[in-house]
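When you get a sec, could you give me coordinates for this:
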Amino acid sequence: MLDTGEELWLWQGWWPETAVVTTTEEDDADAEPATLTATALNHRGSSSTRLQAERRAAMQTALDYWKKQYGDSDDEDPKAFLVWAGLEPLRFTDCFPEWHNRDDIAEINMKHNHKPGE
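Okay, the predicted model is just below:
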């Protein structure tokens, strides 16, 4: 969460597509480590449900923070934005002295129907 004093930004990460695991046989100290690439958990099931619940809780926390910090005005909605990893708008990345775009992460989030700068 980033509060610029005028806007509140909530950055959301990504669900990895693969996981790399390095392992060595316990009985053979001279063996070369083996690298295994495993497909990450699918986007269904308890892990995905938990991730979505955590995202909803993070958004509610951000909105509660805004109301406590700046008051609860019925006339004006909070200036809060949800930002997806790899798809950050320029207005968000300009808040940092240095930013590195991650096209690989952008591709993952675009596969889940998120759009650049949304």
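
now for this structure, which residue lies nearest the mean position of the chain?
G13 (1.1 Å; CA atoms, centre = their mean).

Was I right to think it contacts A85?
Yes. Contact criterion CB atoms under 8 Å: G13 and A85 qualify, at 5.0 Å. C-beta: built from backbone N, CA, C; applies to glycine.

joint contacts of the two?
Here G13 and A85 have no joint contacts, going by CB atoms under 8 Å, 6 or more residues apart in numbering.

Stretch 95-112: how far from the chain's middle?
On the basis of CA atoms, centre = their mean, to the nearest Å, stretch 95-112 sits 10 Å off its chain's mean C-alpha point.

in it, what's buried?
Using 16 or more other CB atoms under 10 Å as the test for burial, stretch 95-112 gives 105-106, 108-109.

Just the closest of those to S47, please.
Nearest to S47 out of these is I108 (CB to CB; 15.7 Å).

ok, now which ones touch that closest one?
With contact set as CB under 8 Å, 6+ apart, I108 has these partners: 14-17, 86.

coming back round to it: I'd like the buried residues of stretch 95-112 as TSV, with secondary structure appended.
Converted to TSV, the buried residues of stretch 95-112 look like this (DSSP: H, G, I helix; E, B strand; the rest coil):
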residue	secondary structure
I105	helix
A106	helix
I108	helix
N109	helix
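
for those residues, which one is nearest W66?
For the buried residues of stretch 95-112, the nearest to W66 is N109 (24.2 Å; CB to CB).

which residue sits closest to the closest one, ignoring its sequence neighbours?
With sequence-adjacent residues excluded and distances taken as CB to CB, 6 or more residues apart in numbering, N109 is closest to W84, at 4.7 Å.
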